[in-house]
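Asks: coords please:
(one chain, ligands or ions: 3)
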Amino acid sequence: MHTSVEGATTVPVDPLATVPDAVVHLDRGWHITYVNSTVVTVVGRPAERIVGRPALDVFPHLQGTVLQRELHAVAVHRRPAVVEYHTPDGRWFEVRASAEDHGLVVVFRDVTAARRRSDRQEARLQHMAAVLDALPSATVLVDADGRIVLVNRRWKLASEVVQRSGLRPGRIGDDYLTVMTQGMDTDDRRVVAEGVRGLLAGTVAGAPVFTHDYAHQTRAEPGWFRLQASRVEGVGQVVITHTDITAQVLVQETLAWRASHDDLTGLPNRARLLHVIGAALADRHNRPALLFLDLDGFKTVNDSLGHEVGDELLRQVGNRLVEEVRPGDTVGRLGADQFLVLARDCDTAEAAALAVQLQQSFSRPFVAAGLPVPLSASIGVAAATPGVHQAHQLLSDADAAAYAAKASGRDRVHLFSPGLREAARWRLDVANRLRDGAVDQFVVHYQPLVRVDTGAIEGVEALLRWQHPERGLLAPDSFLGVAEETGQLIPITRWLLGETTRQAAAWATEGLPLRMSVNISARHFSAETLVHDVRVALRDSGLPPEDLVLELTETSVAEDPTRAEDQLAVLRSSGVRVAIDDFGTGWSSLAQLLALPIATLKIDRSLLTAAARLAADGTGPVLAAIVSLARTLGIRSVAEGVETAEHLEMVRAAGCDLAQGYLLARPMPAEEVPRWASRVREAGGDSCALALRTRAG
Ligand code: C2E
Ligand code: CA
Ligand code: CA
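Replies: Ligands and ions are numbered 1, 2, ... in the order given. You can find the predicted model right below:
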């Protein structure tokens, strides 16, 4: 490209004339030997006035500059160089120099315009950065091609946290979506990618703003962020802020959690359970089963050990159930002492096995306040059958099964059967009717108690009946349980005490003095009102206290013997007598029972039939032992359920004082009692003889 120059003024053909860069050739002595015509734009003088002159004459301001130093270096080391050069009149040149045998070729390119452009851009970015830095949230500016062009201070701070969590923080030049969607779940990732791409492409209709809340795990705890992106009109860039909304989300989640969980145990509550059961039922392929656990005698635990201990025990029960169930099963608390286990994909047999396993896990005692507290549970099991679609349906089936488990004694497992649904409906009906004043439909039947030796009439036991408008006369077993659960039993017994004492007093004035026995439930016995209720009944009726016998079941006394003793002593001091009912059905020690201030022991029918089966010679040695032990303590014994002549013979041989049973008389309405008594009187006063004669005849 070097053209040899003959004369200072002749440049016949210049192939470099149209090049936009100024090209200059210097010889070794730094004289200008060639310039192209573009040089006029650099020095402001035409080529003719430059060629042949020393370079420093033409470019005096070159003296002492970096460019001068660099050109020397290029000449000495014969290595090309590129230098930026700023002229005193404020222009920028990119200068390229290379050495050849005769000197240097130097090319000047005017980059002033480009330089100004990038300076302006720089200034704009700096301004933008200052604005973004003022924002309280981590913010980035994303270019139209999706790359990050700017990040603010908050973003950089957040980046450190991101880095510590093992993810790659987004830096300038990175593809925004690639770095941002790390650590997001698939759904969030999709939504964010679509939203941001839409804004970048400018295809979003309406307000060009996109907002999305997402979860992001950058710490040990999960965090939540709100992404807000908006398009910067005109430049095609998008500003995206990320606000930490973890605190708000946590508040919302806490509220939601508390609405769906039980405060005491932290387990799902009733509402949540119904939801989970509903979801499980919706899955056609995995039929779930429900286990309904009802702790036995938990009220006694609460009453005797206090509510704090009770609460602690409930927590432990919850934990134990959680430990025992299979992965994927749900344990929840319905309230009070009732828990639920939702067993996924479980048929009746598997559910029953799980129930037995849970039951057995209770054999390890629970420890509260330093005391081992034995607990047991009655468990109802209902597996979802194809007809069951609704959560509350399955729950009420399991409930009905648990009810049956409880009714058959503590610590039992009972499987649901459709008959229980009917029973549950019946209980509900009873509860409703009792609340609506069915007490008016109650009647009392009386069953005589007679002396075994003479057959003389001793008294009657009052037995409650319900004259149901549709179902006829109902026995107490079919409604007393519900009355007890719904808290109706105490008012019923109060009414009964009034009715029976009034009746006994009336018979006495008619010349038929009968000792009246009234059954008292355990619930009423432990309530403080019993003594008062008895006093009121005696006062209102005028019946002497010794003509009233209160029958308490063995179990209601044995549950808390010390407390029972105090209660009994108070009753005794009011003059009434107390009988222990159904003896032989519980597990209490006879010695302990007989130590109580009681007047009578009523031996349960089951003991009589068992003795009858065992005793080949017709005498019941067990029966005899009980009777004589009671007698030495001044306690009279009554044989219940005397149905046959053999029974009567057996109780007589055993030395029982009194007998009661179908052989002698069935329970009868009040108006029949005087007629029955007069028949006995007419027959010589011996009801036993009359009964045997009637039977034989
Ligand atoms: P219980 O106190 O043991 O009453 C005796 C039950 O045995 C009565 O049943 C009676 O009809 C029945 N019975 C009498 N003799 C015989 C017999 O020879 N053979 C057989 N198989 N049964 C006989 P009922 O009237 O159905 O009462 C059942 C239970 O309901 C009572 O058992 C008692 O625990 C309870 N109950 C009855 N009335 C009341 C009441 O007013 N208050 C309370 N709290 N409970 C009551
Ligand atoms: Ca009784
Ligand atoms: Ca009884």
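
Asks: my guess is residue 636 contacts residue 658, does it?
Replies: Yes. With contact defined as CB atoms under 8 Å, residue 636 reaches residue 658; the gap is 6.5 Å. Quick note: C-beta positions are derived from backbone N, CA and C, even for glycine.

Asks: so these two - more neighbours on which side?
Replies: Summary of the neighbour comparison: residue 636 and residue 658, criterion other CB atoms under 10 Å, with residue 658 having more neighbours (23 against 19).

Asks: coming back round to it: name the residues contacting each of residue 636 and residue 658.
Replies: residue 600 (CB atoms under 8 Å, 6 or more residues apart in numbering).

Asks: can you list the buried residues in the helix or strand hosting residue 194?
Replies: Using DSSP states H and E, residue 194 maps to helix 186-201. When neighbours are counted by 16 or more other CB atoms under 10 Å, the buried residues of helix 186-201 are found to be 188, 189, 191, 192, 193, 195, 196, 198, 199, 200.

Asks: the residue of the stretch 1-150 of the chain found nearest ligand 1: neighbour count?
Replies: For the stretch 1-150 of the chain, the nearest residue to ligand 1 under the criterion CB to the nearest ligand atom is residue 137, separated by 70.6 Å. Applying other CB under 10 Å, we find 18 other residues in the vicinity of residue 137.

Asks: my guess is it meets residue 151, correct?
Replies: No. Here residue 137 does not reach residue 151: they are 11.8 Å apart, not a contact under CB under 8 Å.

Asks: hmm, back to that, where's the residue of the stretch 1-150 of the chain closest to ligand 1 relative to ligand 3, distance?
Replies: 78 Å (CB to the ion, to the nearest Å).

Asks: list the contacts for that residue?
Replies: Contacts for residue 137 (CB under 8 Å, 6+ apart) come out as 154, 241, 242, 243, 244.

Asks: low-confidence stretches in the stretch 201-350 of the chain?
Replies: Low-confidence segments of the stretch 201-350 of the chain, defined by pLDDT under 70, span residues 204-207, 218-221.

Asks: how about the strands in it?
Replies: Chain-ordered strands for the stretch 201-350 of the chain, with DSSP state E, counting those that start in this stretch as the definition, fall at 209-216, 223-232, 237-244, 289-295, 330-335, 338-343.

Asks: right, and those strands - which one's nearest ligand 3?
Replies: Comparison of the strands of the stretch 201-350 of the chain against ligand 3 by CB to the ion identifies strand 289-295 as nearest, at 25.8 Å.

Asks: list the helices and strands that closest one packs on?
Replies: If contacts are counted by 3 or more CB pairs under 8 Å, 6 or more residues apart in numbering; DSSP states H and E, strand 289-295 sits against strand 338-343, helix 348-361, strand 377-383, helix 391-407.

Asks: near residue 211, how many other residues are there?
Replies: Residue crowding around residue 211 was assessed by other CB under 10 Å; the count is 11.

Asks: pairing partners for it in the sheet, please.
Replies: Partner residues in beta bridges with residue 211, using DSSP bridges, are residue 228.

Asks: how about the residue nearest to the spatial centre of the chain, what does it touch?
Replies: Note on the chain: the residue nearest the mean C-alpha position is residue 268, at 1.2 Å, using CA atoms, centre = their mean. For residue 268, the residues meeting the contact criterion (CB under 8 Å, 6+ apart) are 260, 261, 262, 276, 330, 331, 332, 333.

Asks: now the helices and strands packed on strand 289-295 in CSV, with mean neighbour count and distance to residue 448?
Replies: Formatted as CSV, the helices and strands packed on strand 289-295 follow (neighbours: other CB atoms under 10 Å; distance: least, CB to CB, whole Å):
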stretch, mean neighbour count, distance to residue 448
strand 338-343, 24, 43
helix 348-361, 17, 44
strand 377-383, 27, 37
helix 391-407, 22, 30
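
Asks: out of the ones you listed, which comes closest to ligand 3?
Replies: Nearest to ligand 3 among the helices and strands packed on strand 289-295 is helix 391-407; the distance by CB to the ion comes to 17.3 Å.

Asks: helices or strands next to the next helix or strand after the closest one in the packing?
Replies: On the C-terminal side of helix 391-407, the nearest following helix or strand under DSSP H and E is strand 413-415. With contacts defined as 3+ CB pairs under 8 Å, 6+ apart, the packing partners of strand 413-415 are helix 348-361, strand 377-383, helix 391-407.

Asks: 6 Å instead, please
Replies: Contact partners of strand 413-415 among helices and strands, from 3 or more CB pairs under 6 Å, 6 or more residues apart in numbering; DSSP states H and E: strand 377-383, helix 391-407.

Asks: CSV for those, including distance to ligand 2?
Replies: Written out in CSV, the entries for those read as follows (distance: least, CB to the ion, whole Å):
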stretch, distance to ligand 2
strand 377-383, 25
helix 391-407, 18
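
Asks: wait, which of these is closest to ligand 1?
Replies: helix 391-407 (13.3 Å).

Asks: please see if the closest one touches ligand 1.
Replies: No. Between helix 391-407 and ligand 1, judged by CB under 6 Å from any ligand atom, nothing touches; the nearest distance is 13.3 Å.

Asks: distance of residue 527 from residue 567?
Replies: Remark: distance between residue 527 and residue 567 (CB to CB, to the nearest Å) = 10 Å.

Asks: so these two - more neighbours on which side?
Replies: Residue environment comparison for residue 527 versus residue 567 gives the larger neighbour count to residue 567, 21 against 16, counting by other CB under 10 Å.

Asks: so what's that one scoring on pLDDT?
Replies: Per-residue pLDDT puts residue 567 at 84.

Asks: what of residue 167?
Replies: Checking the pLDDT column for residue 167, the value is 81.

Asks: and for residue 10?
Replies: In the predicted model, residue 10 carries a pLDDT score of 48.

Asks: pull the residues that contact whatever helix or strand residue 648 lives in.
Replies: In the assignment (DSSP H and E), residue 648 maps to helix 645-654. The list of residues contacting helix 645-654 from outside it, by CB atoms under 6 Å, 6 or more residues apart in numbering, reads 452, 608, 619, 620, 623, 624, 627, 639, 642, 659, 692.

Asks: so among those residues, where is pLDDT lowest?
Replies: Minimum pLDDT for the contacts of helix 645-654 is recorded at residue 619 (50).

Asks: spell out which parts of the stretch 451-600 of the chain neighbour ligand 2.
Replies: Along the stretch 451-600 of the chain, the residues adjacent to ligand 2 under the rule CB under 5 Å from the ion are 519, 551, 581.

Asks: across the sheet, point out what pairs with the second one.
Replies: Counting by DSSP bridges, residue 551 forms beta bridges with residue 519, residue 579.

Asks: thought it was touching residue 583?
Replies: No. Under the criterion of CB atoms under 6 Å, residue 551 is not in contact with residue 583, lying 10.8 Å apart.

Asks: so who does residue 217 touch?
Replies: Taking CB under 6 Å, 6+ apart as the test, what residue 217 contacts is residue 183.

Asks: residue 308: how many residues sit nearby?
Replies: Each residue near residue 308 was counted by other CB under 10 Å, and the total is 11.

Asks: quick thing: my sequence starts at 213, can you match it?
Replies: Sounds good: first residue 213 from here, last item residue 520.

Asks: any idea how far the nearest residue to it once chain neighbours are set aside is from residue 755?
Replies: Taking CB to CB, 6 or more residues apart in numbering, and ignoring the residues beside it in sequence, residue 520 has residue 581 as its nearest neighbour in space, at 7.9 Å. The span separating residue 581 from residue 755 equals 46 Å under the rule CB to CB.

Asks: so these two - more neighbours on which side?
Replies: residue 755 (23 against 11).

Asks: follow-up on the earlier one: can I get the helices and strands packed on strand 625-627 in a markdown table with mean pLDDT and distance to residue 259?
Replies: Supplementary listing: the helices and strands packed on strand 625-627 in a markdown table, determined by pLDDT from 0 to 100; distance: least, CB to CB, whole Å:
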| stretch | mean pLDDT | distance to residue 259 |
| --- | --- | --- |
| strand 589-595 | 95 | 104 |
| helix 603-619 | 92 | 97 |
